[in-house]
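A.B. asks: Kindly generate the corresponding structure for this input.
(chains A and B)
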Amino acid sequence: MRGYSAFSILRNGLTGQRHWRRVWRAPDPKSAYDVVIVGGGGHGLATAFYLAENHGVRNVAVLEKGYIGGGNVGRNTTIVRSNYRLDGNTQFYEFSMKLWEGLSRSLNFNVMFSQRGFLLTANSPGEFDTFGYRANVMRLNGIDAELLDREEVRRMVPYLNFSEKALFPVHGAILQGRAGTARHDAVAWGYARAADAHGIDIIQGCEVTDFVRHGDRIVGVETTRGRIAAAKVGLAVAGHTSVLARKAGLELPIESHILQAFVTEPIKPLVHHVVAYGADHFYVSQSDKGGLVFGGGLDGYNSYAQRGNLGVVREVAEASIAMMPCISRLRILRHWGGVMDMTPDASPIICPTPVDGLYLNGGWCYGGFKATPASGWCFAHTLAKGEAHPLTAAYRLDRFRTGRTIDEAGAGPFAWLQ
Amino acid sequence: MLRIECPCCGPRDHDEFRYGGDASANRPAYDDPDFEAWYRYVFVRENPAGLHREYWQHVIGCRQWLVVERDTRSHAIASILFARETRA
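C.D. replies: Sure thing, here's the model as predicted:
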């Protein structure tokens, strides 16, 4: 891999931009690998990179049925934060945050990580109390958290609805200053390029259709580009985990649901942070191009359709102008949907599975993007050592049997209500 | 918007309905001590990419619970019955 630097930009600029190289190779699959990772999204690519970087495992293939960046890694609202309350989540997402802070340097690829701050409004005194609890948990874990009262919020984000007549008036907010956004495509490309530089094969247009077994053990995959043997197979296909797991004989507590995201026409700088609404499901940031990027809740019924429903467009639009009435005249340019693995407690699953040779990374609900570096780091550990990383020990599949769920939302075992 | 043909009220937009999840999960008898059966009922879902039997309640209408068979890829609805008619 040729490193990117100010010098390389200058040199290529002076030579007519003719000498840039392919960012990653397009190899044909070999007949066997030590590890095959199914799914070339952010998590699969990060896993491949950390397998090579941290564990020296380089005989690895990442199989992607579409193209790199075409799945959920390119469909999210790019928010990165670590303001979680429950043990297991708090530490894992903070570890991810620390990896984000050095990511551009470790990948030699600018992921445009912008720590602009994540502000979540409290719209009732009771909600503000729970944010106090959450901020204390965060601080005890060494994570930055601030509670702001109504006037402090007004000084920071004066464009919110501060009317005395608001149905859900702003009471205060919790702020994580180190949170922010990253360029999601760059995360996929950066991990792909860095993994490829370690000799890892990234194979696009290669769909896994079945598993190859030897006795009870999985020893490879059947793909649209032929059979590939593997000592270990890792699934990182959140959204479609159930479909592949069933082929391996694995039953899961996962439902697939659609989450939509939206972008408006570009406007001058208005939203300088990531702002989320405590009274409904709405979160917004402004992209470098000027469009407001925002999202809301799930469409609410099982779906693999990768496109959204107009009912939720209306609900999200209502929440948006309840929180910031000043954007009511803005036009939405695009909206799109991604398929989410929803678990009954809204927390992910990263672990070895009861099926020998098969390892699972899934159930990301709608929190997968911010977890990308830590998910890859810990899943690489799981694949290399055959056991859970201490940071993901709580994300075991059997937690639903043992009652050790991590239900941050407290919504009960109903995937569509998370 | 999905259009759900309520057997009582006729075709209605899905936002008149409340979603009730997978209708193929079998609830064990209340005195059934089988842990596995309860675990599967509460947590395990087949989650098919294809035909899915699911509950919808027509909350802004007749308030009946329905079982709708719908394709999770295309949203095409194959059948709709009152939930009570699907029970033996």
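A.B. asks: how about the residues of the stretch 101-250 of chain A near chain B?
C.D. replies: A:H240, A:S242, A:V243, A:R246 (Cβ under 8 Å from any Cβ of the partner chain). For the C-beta atoms, the positions are set from N, CA and C on the backbone; glycine is no exception.
A.B. asks: Let's verify the second one: helix, strand, or coil?
C.D. replies: When classified by DSSP: H, G, I helix; E, B strand; the rest coil, A:S242 comes out as helix.
A.B. asks: tell me the contacts of the closest residue to it other than its chain neighbours?
C.D. replies: With sequence-adjacent residues excluded and distances taken as Cβ to Cβ, 6 or more residues apart in numbering or on different chains, A:S242 is closest to B:N47, at 3.8 Å. B:N47 is in contact with A:S242, A:V243, A:L252, A:I254, A:E255, A:S256, A:N302, B:D22, counting by Cβ atoms under 8 Å, 6 or more residues apart in numbering or on different chains.
A.B. asks: and if you look at A:V339?
C.D. replies: Residues near A:V339 by Cβ under 8 Å, 6+ apart: A:N72, A:G239, A:H240, A:S256, A:H257, A:I258, A:S303, A:Y304, A:A305, A:Q306.
A.B. asks: from memory the second one sits against A:M340, does it?
C.D. replies: I take that to be A:G239. Yes: taking contacts as Cβ atoms under 8 Å, A:G239 lies within contact range of A:M340: 6.2 Å.
A.B. asks: what's the overlap in contacts for the two?
C.D. replies: Both A:G239 and A:M340 are contacted by A:N72, A:S256, under the criterion Cβ under 8 Å, 6+ apart.
A.B. asks: sorry, back to before: now a PyMOL select for only the buried ones of the contacts of A:V339.
C.D. replies: Remark: buried members of the contacts of A:V339, expressed as a PyMOL selection using 16 or more other Cβ atoms under 10 Å in any protein chain shown:
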select buried, chain A and resi 72+239+240+256+257+258+303+304+305
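A.B. asks: how about stretch A:77-95 as CSV, C-alpha atoms only?
C.D. replies: Only the C-alpha atoms of stretch A:77-95 are listed here, as CSV (Å, rounded to 0.1, in the frame of the first residue of the first chain):
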residue,chain,number,x,y,z
THR,A,77,-26.7,8.6,9.8
THR,A,78,-22.9,8.5,10.7
ILE,A,79,-23.3,9.3,14.4
VAL,A,80,-20.6,8.2,16.8
ARG,A,81,-21.2,8.4,20.6
SER,A,82,-20.6,6.4,23.8
ASN,A,83,-23.3,7.7,26.1
TYR,A,84,-24.6,4.3,27.3
ARG,A,85,-25.9,3.6,30.7
LEU,A,86,-25.7,-0.2,31.2
ASP,A,87,-22.6,-2.2,32.0
GLY,A,88,-21.4,-4.0,28.9
ASN,A,89,-22.5,-1.2,26.6
THR,A,90,-20.8,1.7,28.5
GLN,A,91,-17.3,0.2,28.3
PHE,A,92,-17.7,-1.3,24.9
TYR,A,93,-18.8,1.8,23.2
GLU,A,94,-16.2,3.9,25.0
PHE,A,95,-13.5,1.6,23.7
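A.B. asks: Can you tell me which helices and strands whichever helix in chain A runs longest packs against?
C.D. replies: When chain A is parsed with DSSP state H, its longest helix is helix A:368-385. In terms of contacts (3 or more Cβ pairs under 8 Å, 6 or more residues apart in numbering or on different chains; DSSP states H and E), helix A:368-385 is packed against helix A:42-55, strand A:79-80, helix A:89-101, helix A:184-197, strand A:226-235, strand A:349-352, strand A:358-362.
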